[in-house]
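**Q** quick one, fold the following:
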Amino acid sequence: MNTNQLSNQKEIFGHPVGLYVLFFVEMWERFSYYGMRAILTLFLAAPLIMGDPQSGYGWSNAETLSFYGTYTMFVYLTSIPGGWIADRYLGQKRAVMLGGAFLCVGHGILAIDAQWAFFTGLVLIVIGVGFLKPNISTMVGGLYEQGDARRDKGFYVFYLGINLGAFLGALVVGFVAAKFGWHYGFGLAGIGMAIGQLVYMFGLKYLVGVGDFLGKKDEASKELLNKPLTSIEKDRMLVLFLSFLIIIVFWGAFEQAGGLMSLYTEQKTNRILSFSLPLIGNEIPAAVFQSINAFFIIIFATIVGNFWYKWALKGKESSSIFKMAIGLIIMGFGFVFMSIATTEVQMSGEEVIQKSAMIWLVLAYLFHTIGELCASPVSLSFITKLAPVKYASFMMGAYFAATGLGNKVAGAVGGLSEGAGEFKVFTSIFIFCVLFGVLILALLKPLKRLTHGAEDVVIPTH
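**A** Just a heads-up that it's a prediction; the model follows:
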């Protein structure tokens, strides 16, 4: 979108209307994805951990976590070809439309109670996320001019949509799966994706000039695509790739939520309440706990976003890499509570005779949430600031690929719990995250020099 189009956008609450269109599209896409994710590992291990021989595949914890890590890795790795195809052939807008179509079909097929349908649906979801995820995030950055101080706040609003969908998905799909069956849960996730696709189609009128394919526009655009990178652009690409190491470590720890922490919740957390809830009863389904993170994000997203915004206006250190390092350290401290939880568990052979309290799980998710809010939204904004225009979607895809590698690391690390035990795994994650975060802070100045002022903001005068 050119400067005139950007300045003439219709706004709501100080942001372009297009932001809220993308907000609701991503909300429903995340409803479907996180709803499915909340029950995926539980479904694979269902006969073992829920005592139901008629459902699930009966995989061991190690098999389940390995598959979960591999699957979620591929979900995000496909963001690289998805971003590259958008940059070279489709544009971000059409790529998001295509990705949404794949996701609708994939989630719909998961509702069929057959093994071929299960794996076919997962493959289509992998392809769909690859097209949608990097390109919709790049479109958010395209709504703002370079140096616009609102850009980071815009990504916090967008991130709120992600987690509103994640909260509702894990809560509602987890409940439906527990009460009516796994494939009803998978089917409900598909309905959510279909709603998101409809929102996108009707909201395209607010995205004029955003995410269009540059190659077919004019000679200037073609020249931009063929022009070699400058030394400054190369430095910025370098610091982006270095920042992806932080992303791999962060999500390698954080994604224990969908793997090891999910299985731990089912097997070793006391989920019995002293009172009965409507529809649920007095035992909370394990999948529902994955909505806690998203619930906290809904509460704290704008608070954390405004904090960093005001922090930057005061002239204090507020670079994206600084925030990412702080977020990694805070998230790491969340695993201290999981370590404490494991000390309450008592075993008799393979049988659990005393489980840990729910409060430790809630506190862990709270710290994970604050850490995520410091690191994840700004990392998305960081890419849109530094990536050369012709590689915008590709670099966003590379970011999500790093997230995917983090997911694979999460599965591998979580699988170690069968031999080393949960206490050693949770404690080791805490120590490593804190030490790695401190190392990044020590290297902050040389890393910032590589950005060549790309994060400098225009301070508003009113």
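**Q** identify the residues contacting stretch 261-279?
**A** Residues from elsewhere that reach stretch 261-279, judged by CB atoms under 8 Å, 6 or more residues apart in numbering: 38, 41-42, 45, 49-50, 61, 64-65, 175, 179, 282-287, 289-290, 338, 341-342, 345, 352, 355-358, 361, 364, 414, 422. Where C-beta positions appear, they are placed from N, C-alpha and C, glycine not excepted.
**Q** go again using 7 Å as the cut-off
**A** Contacts with stretch 261-279, where a contact means CB atoms under 7 Å, 6 or more residues apart in numbering, come from 41-42, 45, 49, 61, 282-284, 286, 289-290, 345, 352, 355-358, 361, 422.
**Q** give me the distance between residue 162 and residue 29.
**A** From residue 162 over to residue 29 the distance is 9 Å, taken as CB to CB, to the nearest Å.
**Q** buried subset of the contacts of stretch 261-279?
**A** 41-42, 45, 49, 61, 284, 286, 289-290, 345, 355-356, 358, 361, 422 (16 or more other CB atoms under 10 Å).
**Q** among these, name the ones in strands.
**A** Taking DSSP state E, every one of the buried ones among the contacts of stretch 261-279 sits outside strands.
**Q** quick check, nearest of the residues you listed to residue 451?
**A** residue 290 (34.9 Å; CB to CB).
**Q** so between residue 162 and residue 29, which is more surrounded?
**A** Taking residue 162 and residue 29 together and counting by other CB atoms under 10 Å, residue 29 has the greater number of neighbours (31 against 25).
**Q** confidence score at the nearest residue to the more buried one once chain neighbours are set aside?
**A** Distance criterion CB to CB, 6 or more residues apart in numbering; nearest residue to residue 29, sequence neighbours excluded, is residue 196 at 4.9 Å. Per-residue confidence (pLDDT) for residue 196: 90.
**Q** which parts of whichever helix or strand residue 196 is part of are buried?
**A** Using DSSP states H and E, residue 196 falls within helix 182-203. Of all the residues in helix 182-203, those buried under the rule 16+ other CB under 10 Å are 182-183, 185-197, 199-200, 203.
**Q** hmm, who's touching it?
**A** In this structure, residues lying in contact with helix 182-203 by CB under 7 Å, 6+ apart are 21, 24-25, 28-29, 31-32, 35-36, 39, 43, 55-56, 96-97, 100-101, 103-104, 107-108, 110-111, 113, 169, 172-173, 176-177.
**Q** same thing with stretch 121-128?
**A** Counting by CB under 7 Å, 6+ apart, stretch 121-128 makes contact with 71, 74-75, 78, 99-100, 102-103, 105-107, 109-110, all of which sit outside it.
**Q** try 10 Å this time
**A** 29, 32-33, 36, 40, 67, 71-78, 81-82, 98-112, 186, 189-190, 193, 404 (CB atoms under 10 Å, 6 or more residues apart in numbering).
**Q** let me see the mean pLDDT of it.
**A** Per-residue pLDDT over stretch 121-128 has a mean of 93.
**Q** all strands for this protein, in order.
**A** Going by DSSP E, the chain shows strands at 11-12, 15-16, 272-277, 281-283, 346-348, 351-354.
**Q** could I get those strands as TSV with distance to residue 247 and mean pLDDT?
**A** Output for the strands of the chain, formatted as TSV (distance: least, CB to CB, whole Å; pLDDT from 0 to 100):
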stretch	distance to residue 247	mean pLDDT
strand 11-12	31	76
strand 15-16	25	84
strand 272-277	37	80
strand 281-283	36	78
strand 346-348	36	84
strand 351-354	35	86
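**Q** dump the ones you listed to TSV, plus distance to residue 392.
**A** Formatted as TSV, the entries for the strands of the chain read as follows, by distance: least, CB to CB, whole Å:
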stretch	distance to residue 392
strand 11-12	23
strand 15-16	18
strand 272-277	46
strand 281-283	47
strand 346-348	52
strand 351-354	50
